[in-house]
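Student: this is the structure alone, sequence omitted:
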């Protein structure tokens, strides 16, 4: 028989049979669904002990039935639009390479769609083909490393990691996705400062029994002024830039930084100012605009850009 062999589908069919007084049994139902008898026995136990279903076995009729004829399984109410929103959210997780988030959410979506009324006919697989997402390149994360780090975060237990060829003991404090890449913020054992580690560069991890010391860590403060992926404890600095008229619309139509301030100048150019951390990231972002961007301040950022341009010219002419 061609059936969708999820547990939720089996539970719904078992429920319907018992509501109709048909007394299903494990052997016959297992054969019909092409699963083991123990699988159906576990389904019955799940309904009885986890969902609170009033199920009893009738020895004379050799099958299960409800002792309360009008019992209804717990259900959810979800509109078609809400299911679409969940599907899009699940699809949006795909760029997060190496993490089990997307896979698990797709499984949840399948279970939710099983619980919806028949009148809502949305195929999750078809929904996934209608929407696409992309993100900047990021380092893949091994699922076992992801699971262990998450367990350490939630249980507030220390970890031992191999990172860039060195073994260290850390206090995991916070995880953040910055521009599609996952980072772990930690305190190294016997150190007071906080560090930012790329999850994809963790080679091995082991969960320890000792508790985490998170005194003094403020995730919001640590992430403030991040331009792209750097969220270290460097001092933030203010940058003022002027963009040529030819890129004015591109600059004005997007939020490049949460604390940005923009001004349209009389000659059509645009002034953009923001406070950020990470001079390397700021330098690369400015250089990506090429000749259309001029650094007004601070002086040391302008000199850093000039030095990089000079180095590029020298390398080209070498």
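Tutor: Noted; the coordinates are in hand. None of the values given here were measured: they were computed from a predicted structure. Numbering: from 1, shown residues only.
Student: strands along the protein, start to end?
Tutor: Counting by DSSP state E, the chain has strands at residues 55-58, 63-66, 157-163, 166-178, 181-188, 194-198, 202-211, 237-243, 261-264, 270-276, 293-297.
Student: out of those strands, nearest to residue 249?
Tutor: strand 270-276 (8.8 Å; C-beta to C-beta). All C-beta atoms are positioned from the backbone trio N, CA, C, and that covers glycine.
Student: just the mean pLDDT for stretch 40-48, thanks.
Tutor: For stretch 40-48, mean pLDDT rounds to 91.
Student: and it, how far from the chain's centre?
Tutor: 32 Å (C-alpha atoms, centre = their mean, to the nearest Å).
Student: check stretch 18-32 too.
Tutor: 40 Å.
Student: give the buried residues for that stretch.
Tutor: 18, 23-26, 29-30 (16 or more other C-beta atoms under 10 Å).
Student: identify whichever of the strands of the chain lies nearest to residue 225.
Tutor: strand 270-276 (5.1 Å).
Student: quick one: residues in contact with the closest one.
Tutor: 225-227, 236-243, 247-248, 251-252, 256-257, 259-265, 282, 296 (C-beta atoms under 8 Å, 6 or more residues apart in numbering).
Student: kindly recompute the last result at 7 Å.
Tutor: 225, 227, 236-243, 248, 251-252, 256-257, 259-265, 282 (C-beta atoms under 7 Å, 6 or more residues apart in numbering).
Student: quick one: pLDDT of residue 68?
Tutor: At residue 68, pLDDT is 88.
Student: by mean pLDDT, which helix or strand of this protein comes out lowest?
Tutor: helix 124-128 (a mean of 55; mean pLDDT, DSSP states H and E).
Student: burial check on the nearest residue to residue 53 once chain neighbours are set aside, number of neighbours?
Tutor: Distances taken as C-beta to C-beta, 6 or more residues apart in numbering put residue 47 closest to residue 53, at 4.2 Å, once the chain neighbours are dropped. Close neighbours of residue 47, defined as other C-beta atoms under 10 Å, add up to 22.
Student: list the contacts for residue 47?
Tutor: 11, 14, 53, 55.
Student: residue ranges with poor pLDDT in this structure?
Tutor: 1-5, 75-135, 231-233 (pLDDT under 70).
Student: so which elements touch whichever helix in it runs longest?
Tutor: Using DSSP state H to define each element, the chain has its longest helix at helix 299-317. On a contact count with 3 or more C-beta pairs under 7 Å, 6 or more residues apart in numbering; DSSP states H and E, helix 299-317 meets helix 279-287, strand 293-297.
Student: can you give me the domain boundaries for the protein?
Tutor: With domains defined by automatic domain parsing, the chain comprises 7-66, 80-128, 143-216, 237-317.
Student: which one, of those, ends up nearest to residue 74?
Tutor: domain 7-66 (6.1 Å).
Student: the closest one: end-to-end distance?
Tutor: Terminal residues of domain 7-66 lie 19 Å apart, using C-alpha to C-alpha, to the nearest Å.
Student: who's in contact with stretch 51-58?
Tutor: Applying C-beta under 7 Å, 6+ apart, the set of residues contacting stretch 51-58 is 23, 44, 47-48, 64-68, 71, 73-74.
Student: next, format these as a markdown table and append distance to residue 272.
Tutor: Converted to a markdown table, those look like this (distance: C-beta to C-beta, whole Å):
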| residue | distance to residue 272 |
| --- | --- |
| 23 | 73 |
| 44 | 64 |
| 47 | 60 |
| 48 | 63 |
| 64 | 68 |
| 65 | 71 |
| 66 | 67 |
| 67 | 70 |
| 68 | 67 |
| 71 | 63 |
| 73 | 56 |
| 74 | 53 |
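Student: from these, which would you call buried?
Tutor: 23, 44, 47, 64-66, 71, 73.
Student: quick revisit: please name whichever of the strands of the chain is nearest to residue 221.
Tutor: strand 194-198 (10.3 Å).
Student: report the angle between that closest one and strand 166-178.
Tutor: 80 degrees (axes from the mean of the first three to the mean of the last three C-alpha atoms, to 10 degrees).
Student: just the residues contacting strand 194-198, thanks.
Tutor: 139, 163, 173, 181, 183-188, 217, 222, 231-233.
Student: buried subset of those residues as a ChimeraX selection?
Tutor: Typed into ChimeraX, the next command selects the buried ones out of these (criterion: 16+ other C-beta under 10 Å):
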select :163,173,181,183,184,185,186,187,217,222,231
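Student: biggest separation within the contacts of strand 194-198, which pair?
Tutor: Going by C-beta to C-beta, the pair spanning the contacts of strand 194-198 furthest: 139 and 217, at 23.9 Å.
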